[in-house]
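> model this:
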Amino acid sequence: MHKRDASEEMTIMTTRQCFTSIVASTVILFTTGILVNSSDAKIDPGTTIGIWLFDEGKGEIAKDISKNGNHAKLVGAKWTQGKHGKAVEFDGTNHVEIAASKSTDDYLNGFTYCLWIKPLSAAGKDHVRIIERNWHNPGIYIGPKDFFGSIVSGGALQPAVGQSRGGKPEVGKWTFIALTHDKNLLLLYVDNELVAKTKIGKPDLNNEHDGGSIWLASWKAPGWSFAGVIDEVGIFNTELSADTLKDISAQGFEKHMSAVSIDNRLTTKWGLLKTL
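I've put the predicted structure just below:
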């Protein structure tokens, strides 16, 4: 049997070190070049209630790409071009419905509702529905001059309709809207700018309207409906950071979630690499 001498052992060790260094450099360059722009803002998949890309472009079902399977049903709404791929258009008489489930009720200890909208006409009332669970709990609304977000807490609408409003809607312009809550503060973002902040306690759990389902662009009563386009809706059971919301708005959900997946795989590989 051939025995390795000291020079052969040294050559093997050097080769192994060089290989490890090359792989490590590749991982670092890949991570730096692709993922650093995300400001380390990530979504924990376990906090996702639902994500709807609205890229089907046909049929009456918009799939929830999360593991929860909260698929949405188009009720008279039409497919159109969106901010990222396809989207859904509303004329003020139709809506999209996401049926109530155990996961859609998971908003009491924090939540985020976010989506892209493009109004096709000015709101005719103080506020019309963009997205709403049950009745104002939670909900995001658009008025002629600004936006509004709310929950129901202590049996009352919080904040009152005339308070904590902000942002400026523009007909024909895409706008990214987000409403977050952390059991203490209700924050409303318009195009990544914090436009309203209200101190509000824990929301109530109400299910009296359509079992607590989530509707886009309408409510059960006529005259409060949104006319425009909605794209890429995301709902989470935690308050997403401003940085994460900024990344979502810049990249779209599909690219953002792919970047998170790549980052997670690289983290695993880096851990294995360090054992070489």
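> switch to C-alpha atoms for all contacts and neighbour counts from now on
Noted.
> where along the stretch 1-150 of the chain do the strands fall?
Assigned by DSSP state E, counting those that start in this stretch, the stretch 1-150 of the chain shows strands spanning 48-52, 61-62, 72-75, 78-81, 86-91, 95-98, 111-119, 128-133, 139-142, 147-153.
> Dump those into a markdown table; add mean neighbour count, distance to Thr198 and mean pLDDT as well.
Shown next, in a markdown table, are the strands of the stretch 1-150 of the chain (neighbours: other C-alpha atoms under 10 Å; distance: least, C-alpha to C-alpha, whole Å; pLDDT from 0 to 100):
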| stretch | mean neighbour count | distance to Thr198 | mean pLDDT |
| --- | --- | --- | --- |
| strand 48-52 | 24 | 24 | 98 |
| strand 61-62 | 20 | 33 | 99 |
| strand 72-75 | 18 | 30 | 98 |
| strand 78-81 | 18 | 35 | 98 |
| strand 86-91 | 23 | 30 | 98 |
| strand 95-98 | 24 | 27 | 98 |
| strand 111-119 | 24 | 15 | 99 |
| strand 128-133 | 26 | 18 | 97 |
| strand 139-142 | 25 | 14 | 97 |
| strand 147-153 | 26 | 10 | 95 |
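> Quick one: closest of these to Gly211.
strand 128-133 (9.6 Å; C-alpha to C-alpha).
> what angle do the closest one and strand 111-119 make?
150 degrees (axes from the mean of the first three to the mean of the last three C-alpha atoms, to 10 degrees).
> Include distance to Gln163 when you put the strands of the stretch 1-150 of the chain into JSON lines, please.
JSON lines is the format used below for the strands of the stretch 1-150 of the chain (distance: least, C-alpha to C-alpha, whole Å):
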{"stretch": "strand 48-52", "distance to Gln163": "28"}
{"stretch": "strand 61-62", "distance to Gln163": "34"}
{"stretch": "strand 72-75", "distance to Gln163": "31"}
{"stretch": "strand 78-81", "distance to Gln163": "33"}
{"stretch": "strand 86-91", "distance to Gln163": "27"}
{"stretch": "strand 95-98", "distance to Gln163": "26"}
{"stretch": "strand 111-119", "distance to Gln163": "19"}
{"stretch": "strand 128-133", "distance to Gln163": "15"}
{"stretch": "strand 139-142", "distance to Gln163": "13"}
{"stretch": "strand 147-153", "distance to Gln163": "8"}
